[in-house]
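Peer 1: take a look and give me a structure for this.
(chains A, B and C, ligands or ions: 8)
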Amino acid sequence: MSEAQSSFRESRLDEIRREASQFGTVQQAGIRAAGSPLPKASPQTGYYQQHLLKEPQWTPLVPLYFFVGGASGSLGVIGSLADLIGENDDLARKARHMATAGSTISSVLLIADLGRPSRFLNMLRIFKPQSVMSVGSWVLSGFSAFAAASTLADILDTQIDGSPIATFLRTIGRTGCTVLGMPFHNYTGVLIGATAIPVWNNRVRSLPREFGMSGLQSAVSLLELSGETDSNALNAIGLVAAAFETWEGIELLRTRDRELAPTKQGLTGALIQTAGVLSGPLPIALRLASLFTSRRRRRLRQAAALSGIIGSLCLRYGWVAAGTVSARDWRIPLNIPEPDASTSFDRRAADSLTRRTP
Amino acid sequence: MPGLGTSVGRGGATTAQQSLADSDAILIMGSSMAEQHPVGYQWVVEARERGCKVIHVDPRFTRTSATADIWVPLRAGSDIVFLGGLIHYVLENEKWFKEYVLHYTNASTILRDDYVDAEDAGGLFSGWDAEKKKYDPETWLYKGSEPKKENGQSLPGHHDAGGGHAKDRGGEAGNTTEFETDDTLQHPRCIFQVLKRHFARYTPEMVERSCGVPQDVFLRVAETYAAASGRSKTGCICYAVGWTQHSTGVQIIRAAAILQLLLGNFGRPGGGILALRGHASIQGSTDIPTLYDILPGYMPMPFFDADSKTFEQYIKQHSTEAGLWTKFEDFMVSFLKAWYGDAATKENQWGFNFLPRVTGDHSELGYWLDMKDGKLEGLFVMGQNPAVGAPNGRLQRKAMANLKWLVVRDLVEIETSTFWKDSPEIERGELRTEDIATEVFLMPAAGPAEKSGSFTNTQRLLQWHNKAVEPPGDARSELWFVYHLGRMFKGRAARERTPKNDALNALTWELPTEGAVAEPSAEAVLAEINGRDLTTGKLLSTFEDLKRDGTTMSGCWIYTGVKPAENRNVANERSAHDALGHGWGFAWPKDTRIIYNRASAAPDGTPWSEEKKFVWWDEEKREWTGKDITDFKKDMPPDHKRDLSKGGLEALDGDKPFGMHPDGRGWLYVNSGLKDGPLPTHFEPLESPVENPLYPQHQSNPPSDKKQRPDNPYASTPHDSRFPFVLTTYRLTEHHTAGGMSRSLSHLSELQPELFAEISLELAELTGVSPNDYVTIVTPRALISARALVTPRMTPLIIQGHQIHQVGLPYHWGWKGIVTGDVANDLLAISQDPNVRIMETKGLVCNLIPGRHPAGHKALDELHELLEERP
Amino acid sequence: MSGATDHTGIQPGEVTSFLTDSTLCIGCKACEVACKEWNGISADGYDFTGWSYDNTAALGHSTWRHVKFVEGEITPGIGGNSAQQLSWEFSSDVCKHCEVAGCLEACPTGSLVRTEFGSVFLQPDICNGCSYCVISCPFGVVQKNEDDGRAFKCTFCTDRQKAGMMPACAKACPTESIKFGRLDELKVEAQVRLATLQSRGMTDAQIYDPTHTSVKGIHSMFIIRGEPETYNLPPRPEVPTIYLKDAWKSAAFEAVAMVGAVVASFFFLGRKG
Ligand SMILES: Nc1nc2c(c(=O)[nH]1)N[C@H]1C(S)=C(S)[C@@H](COP(=O)(O)OP(=O)(O)OC[C@H]3O[C@@H](n4cnc5c(=O)[nH]c(N)nc54)[C@H](O)[C@@H]3O)O[C@H]1N2
Ligand SMILES: Nc1nc2c(c(=O)[nH]1)N[C@H]1C(S)=C(S)[C@@H](COP(=O)(O)OP(=O)(O)OC[C@H]3O[C@@H](n4cnc5c(=O)[nH]c(N)nc54)[C@H](O)[C@@H]3O)O[C@H]1N2
Ligand code: SF4
Ligand code: SF4
Ligand code: SF4
Ligand code: SF4
Ligand code: SF4
Ligand SMILES: [Mo]
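Peer 2: Ligands and ions are numbered 1, 2, ... in the order given. Have a look, this model is predicted:
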């Protein structure tokens, strides 16, 4: 400290300052940014590397809702069409009942996320086409009503033969479930896609597809797990959905946008990648295998179904969590490039500088 | 504020904050105005937007620096060198405002032959008594002035125990109406030449060597500020406790006053010195003082056995032969009539002997030491939190443990009221609750919104506040408390009519009260302060009407006019009708916003320039007119020749604006009133890592009092290797002083939740401290921990070839409230500057080590270990 | 010196705005505190960040005004206001009251509305805490209070504005760094101010008002020095509704694909025998 200095700053300290301003943290000995970055707000670090966007504030029930909703929407469609087109009355009835149960669970999950029932009613104060949440709430409500109608029709059918009320309810219910099941099973992809969260809005085109097909696969899988392992139609639908997911998965891997980092790294990346495998290639393989064996078919179909369901859950949880990770990325909304290796700090140069002592 | 008082006459800001908007350059030094006076700072910002250059000189880059045009880092405690450098620059480069200096200052006055300047005697002026460590200022007088002596000794203002507040005006040591001058300013002993020689060594090189300010930066400041001078330009200097809280504080302000006098900046719009005061009514608390050595209106408290044997002697010593202080007797008699009413008669010298006498150092810090030594029984603490805000907190808290009783009145439960159960001393085992016999009374106080009254703010402006809500519960106003306590005392005294109780019995103590709790009327107090004509009972509207025959009374003569009629309270008026805010509140004296404003006109009474036209002589109406109340005799023409027989302002020439001084001039050189010399001279702080480059024989201000003792130890500076860094303390916008009012509020606490130490990247690197880490700061008195705020805003300075690191520490934390932290003031020493007995908070030495200090008694072990370590 | 009762003279129906000028800000945080006091918001924690003097860190459900502290290179002899250098900038942030507001578009309940002053107002009695606005705000402003279950943000002091008073933050600002007034007038004022600053050599001064993006401008403009990124102001904020068309298109395509798959599968494979 007593050594004479001719200028205000030494080159070493200039280096520290440069590094600090560039990266927000300093690697050198002496300034050990232990646990905390060297505070800095700059065009390179944003505002103290603090994320600009707010994190999603949904409870863990929301991804579950995404899953249940996706499945019930698809079940509604299957339940409304399967016995009309093919001779799958039991399967269709089961699907309808599951759709009804699913839509009810969906409402419960939503209410649980909001805190109290009356808050859900606020959703229905208005209808707002530009608000996906509003559209979704109406779709959920409508779908629930139609699903309930068709279930009621089924119940009435078992009591009275050929009741005109049952026919009316059935027609209305099934038409409604088909029409609303379509948006209900995939609107959640729109819901998160059309937001400010970079990882989501980057995939705004594919998320509805991915979520929709995942819902369809879950529907198929649920039916299979409930015993419908003989239906080739279901297996075919499952294959289509899994193929679609496989394609989406590959597409995702091929896209190198940095907004997508959370889908490839970390826990969220692992979840989404696992989801890709569990709802893509793995069920495809199992389903195809099931075609060539009759003894193990049941098992294989059940395995494929289980894989599809876990995959779908992973997908929802993975993507929602990826939103949180993405919201924390301060660089993206500020358009700040990642520091690349060529400008990064030269460790060796730092080590060669000796530390002064008091 | 004797710095300003002795230089220009009154111990108050000479201007209004609004007037800053008219400045061409503003030098803010010794204050972080944007942070501590953010509302007033709007006018600095406005001025800046109009093209004014704003300069901030501060050891740290603060929010003020950030909004200034020029920031100059300097070493804490080197301000006189910097200002001396500016004075030197102005003199050397002929930048001084010639006409102003010649007519309005004492530049031409010739000094006595036996005056010896500090420059010629290694740092000491003539008159130094090495044994008593004090000056006899007789040799400082003007040539031709007759010294005032009583019993051949003891000049007023230089008692051992006296603070300097009473002598704010200076000029009591001799009859300075008579003196020799040389208007050519060539006489070697004329003040102008003395000044030149005195500051000859305060060169840019010296500034660089002592302050750590590179010469080019210094010269940029010098050029910029010196340009704000002359007929059409003005500059203002703003300071606060970054200057005052030094062992040379008063002299720093003196240096600023010299600079402003040379540049012709007093009494003019956009000029002057803005002493930024602290608490909402701190100006009020020197006007109507809470200080031990003055009476209201800057009248001296009589000293035992010195100036106060008779009233006559007292009046004679403190009156002057010309200027406003010739009226001292009018003010004093009126004041005694206010206090003692009918009991004050000509026969009993207006009750002069009822006034207590100062017998020793009863300053705050003085009595605190007495308390520690067991010489004090009880203490009222009203609106103060010394356990946190006062220096050497450890000593202070231990001192309170020696009291029999302690009354604390506050808005919240503050540290001072709980020292006996949860102070660091208890935690560390230095004090034990069961051993403390102090009976502590904590009484809830009503806050400003819960009571009516006035504030006198930084620009001498009285503003009234009306009670907005009832105080909660048992909370009562100070007025209620003191009034009713006094009533009880008086009741007792009335029953016990001994001589001891004479003063109490004589005291007037009747106030109308109202409401269930019998709240006394604050307006009635204001009326008493304002004063009345006792023959008619009418309120007075100007102090000029005060008389010495006992027919008028006034509690504080400078405030006369604030309540000129029963139904009028000027402090409560709120319709400003001009830029200076006339119509809003009352600025003493006489609602003058810029004092000494006679100086805003040239000697002949015409405005200096169209741009700075302010107050001028209207030849037609034969009176002074303009944008302010004239701080002058309204009908006294510029060519008036002094008539000593008349006294008052008529005893001065018509071109002498500084009417408080017997010669009507601004004092570049102060012939009396200061205890450490007539001219500012640089001394190092009491603790400093740097050798005094100017006066190696005298490291620190010779007459300052270190109060050095085992419980108030010092580092052995300049070369104490245990304490290599400079430490300075300060405030944050987000908190208020000792924290009782901010650490108890969540909305403020969250803004600055933790005590931190601001250090440079370089110091962090040197000490191995990471950002946000805890560090421990050590001085000979204590050690505390804080978070490290590593910032480029702190920068090491190169002083005499060495890198000097500075540690900045805000002092708002204590152990109570929403956010807590160590008490920064535990690090400080109790010291007293010679003039006003203030402690040195702004420049000391410390060490800084990474990590947090241990808890409990281990903290003391660590302290002792660190103090012993001498690498 | 103006009293607390002076009227802004602004009538409902006139679009108002803030112009927060960092070059006049002194970092006193009066705006932040005044906002909390007026609106009765709680403190949001007592954490020491070490980020210069900013310990409240960001806008959120309990911080509707937030003063940012940006430290730059410090050079002795040059103050922060000089043209050459930006050294310690303060900038008071607030909800942008977007011309096209992501939060408002997203809100399913109609809690978020456009007021008669053109600002975006969140009606706490209608908000159901779905938190969809939170992820739809491109500026990261609105946030749900997890304890309370509803979202909160700056109200633009609509209550005060209706009473003819200026917002509490603007009123508290000692240096008029926060200007409040009619949007069209402030837009002009911003340009004039920018020209002034640039003529003083502050070439790095700029107006932040993203009119060029789908946000189409904001009702709380800023004058800053340096890059917006430094202040966490996004250079290209977009309203998420711009993604809707693509998203719904893709959803429709997938829905049709699903129905097709179901129909085809059951048609070809779902028949007995
Ligand atoms: N927000 C807020 N406002 C306040 C207060 C508060 O606590 N909080 N307190 C009020 C009170 S009581 C007072 S007295 C005033 C005080 O007002 P200020 O004097 O402005 O307050 P400080 O922050 O103590 O000190 C001012 C500056 O002096 C600098 N300084 C330190 N040492 C030196 C030195 O040796 N030379 C020079 N030139 N500068 C130095 C410090 O770095 C600091 O920036 O503020 C009043 N206003
Ligand atoms: N290190 C360091 N120390 C310093 C300074 C420094 O710069 N550095 N500055 C010094 C200065 S300038 C000052 S002024 C002191 C301040 O130090 P203090 O005066 O000891 O500190 P405050 O916290 O202002 O104490 C005022 C108390 O009054 C209470 N109060 C407020 N209003 C009322 C009321 O109406 N009635 C009553 N009874 N109580 C009320 C508040 O709650 C508060 O607790 O600190 C000094 N200490
Ligand atoms: S706290 Fe009061 S006195 Fe201090 S700046 Fe603010 S308004 Fe002025
Ligand atoms: S800034 Fe965010 S919260 Fe504010 S109006 Fe715009 S979108 Fe809404
Ligand atoms: S949280 Fe409240 S304000 Fe936000 S979108 Fe949902 S209902 Fe609207
Ligand atoms: S406009 Fe009102 S609510 Fe918004 S930040 Fe300002 S004070 Fe707060
Ligand atoms: S009140 Fe004004 S000056 Fe103070 S921080 Fe807010 S915007 Fe800046
Ligand atoms: Mo103070």
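
Peer 1: list the residues that contact the residue in the stretch 101-250 of chain A positioned nearest to ligand 7.
Peer 2: Nearest to ligand 7 in the stretch 101-250 of chain A, going by Cβ to the nearest ligand atom, is A:Ala196, at a distance of 25.9 Å. Every C-beta, even on glycine, is put in place using the N, C-alpha and C of the backbone. With contact set as Cβ atoms under 8 Å, 6 or more residues apart in numbering or on different chains, A:Ala196 has these partners: A:53, A:333, C:102, C:135-138, C:140, C:238, C:240.

Peer 1: tell me the SS of it?
Peer 2: In terms of secondary structure, A:Ala196 is coil; the call rests on DSSP: H, G, I helix; E, B strand; the rest coil.

Peer 1: which residues of the stretch 751-871 of chain B fall in helices?
Peer 2: Ranges of helices in the stretch 751-871 of chain B, per DSSP state H, counting those that start in this stretch, are B:761-767, B:858-868.

Peer 1: quick check: which of these is nearest to ligand 3?
Peer 2: helix B:761-767 (31.3 Å).

Peer 1: ok so, going back, the helices of the stretch 751-871 of chain B: lowest mean pLDDT?
Peer 2: Per-segment confidence across the helices of the stretch 751-871 of chain B bottoms out at helix B:761-767, which has a mean of 88 in mean pLDDT.

Peer 1: helices and strands around the helix or strand of chain B with the lowest mean pLDDT, which ones?
Peer 2: Within chain B, no helix or strand scores below strand B:174-175, which has a mean of 80 by mean pLDDT, DSSP states H and E. Packed against strand B:174-175, as judged by 3 or more Cβ pairs under 8 Å, 6 or more residues apart in numbering or on different chains; DSSP states H and E, are the following elements: strand B:146-147.

Peer 1: show me how far the least confident helix or strand of chain B is from its chain's centre.
Peer 2: For strand B:174-175, the separation from the chain centroid amounts to 26 Å (computed by Cα atoms, centre = their mean, to the nearest Å).

Peer 1: given it, what are its sheet partners and their directions?
Peer 2: Strand pairing for strand B:174-175, determined by DSSP bridges: strand B:146-147 (antiparallel).

Peer 1: what sits up against the strand it pairs with?
Peer 2: Residues from elsewhere that reach strand B:146-147 (Cβ under 8 Å, 6+ apart): B:138, B:141, B:155, B:173-175, B:178.

Peer 1: what does stretch B:558-577 give?
Peer 2: Residues from elsewhere that reach stretch B:558-577 (Cβ under 8 Å, 6+ apart): B:287-288, B:297-298, B:454, B:462-464, B:466, B:523, B:526-527, B:529-531, B:539-543, B:545-546, B:554, B:582-586, B:588-591, C:1, C:3.

Peer 1: could you give me the PyMOL syntax to select whichever of these are buried?
Peer 2: Those of the contacts of stretch B:558-577 that meet the burial criterion (16 or more other Cβ atoms under 10 Å in any protein chain shown) are gathered into one PyMOL selection, given here:
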select buried, chain B and resi 287+288+297+298+454+462+463+464+523+526+527+529+530+531+539+540+541+543+545+546+554+582+584+585+586+588+589+590+591
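
Peer 1: what's near enough to touch the residue in the stretch 51-200 of chain C that ligand 2 sits nearest to?
Peer 2: Of all residues in the stretch 51-200 of chain C, C:Tyr53 sits closest to ligand 2, at 17.8 Å by Cβ to the nearest ligand atom. When contacts are counted by Cβ under 8 Å, 6+ apart, C:Tyr53 is found next to B:63, B:732, B:734, B:752, C:27, C:69.

Peer 1: these: which ones sit near ligand 7?
Peer 2: Among the contacts of C:Tyr53, the residues that sit close to ligand 7 (Cβ under 6 Å from any ligand atom) are C:Gly27.

Peer 1: kindly state the domain boundaries assigned to chain C.
Peer 2: According to automatic domain parsing, chain C comprises the domains C:16-238, C:242-273.

Peer 1: return the most buried member of the ones you listed.
Peer 2: Each of these was given a mean neighbour count from mean count of other Cβ atoms under 10 Å in any protein chain shown, and the largest, a mean of 21, is that of domain C:16-238.

Peer 1: quick check: phi and psi on C:Ile223?
Peer 2: For C:Ile223, the backbone dihedrals are phi -110, psi 120 (criterion: degrees, to the nearest 10).

Peer 1: phi and psi next, for the residue lying closest to it once chain neighbours are set aside.
Peer 2: When the adjacent residues along the chain are set aside, C:Ile223 lies closest to C:Asp21, with 4.4 Å between them (Cβ to Cβ, 6 or more residues apart in numbering or on different chains). Backbone torsions for C:Asp21, taken as degrees, to the nearest 10, come to phi -100, psi 100.

Peer 1: contacts only, for C:Asp21.
Peer 2: Residues near C:Asp21 by Cβ under 8 Å, 6+ apart: C:176-179, C:193, C:222-223.

Peer 1: out of everything not next to it in sequence, what's closest to the residue of the stretch 101-250 of chain A closest to ligand 7?
Peer 2: Among residues not flanking A:Ala196 along the chain, C:Pro138 sits closest, at 4.5 Å (Cβ to Cβ, 6+ apart).

Peer 1: do you know how far the residue of the stretch 101-250 of chain A closest to ligand 7 is from C:Tyr243?
Peer 2: Separation of A:Ala196 from C:Tyr243 (Cβ to Cβ, to the nearest Å): 10 Å.

Peer 1: next one: A:Ala261
Peer 2: Applying Cβ to Cβ to A:Ala261 and C:Tyr243 gives a distance of 19 Å.
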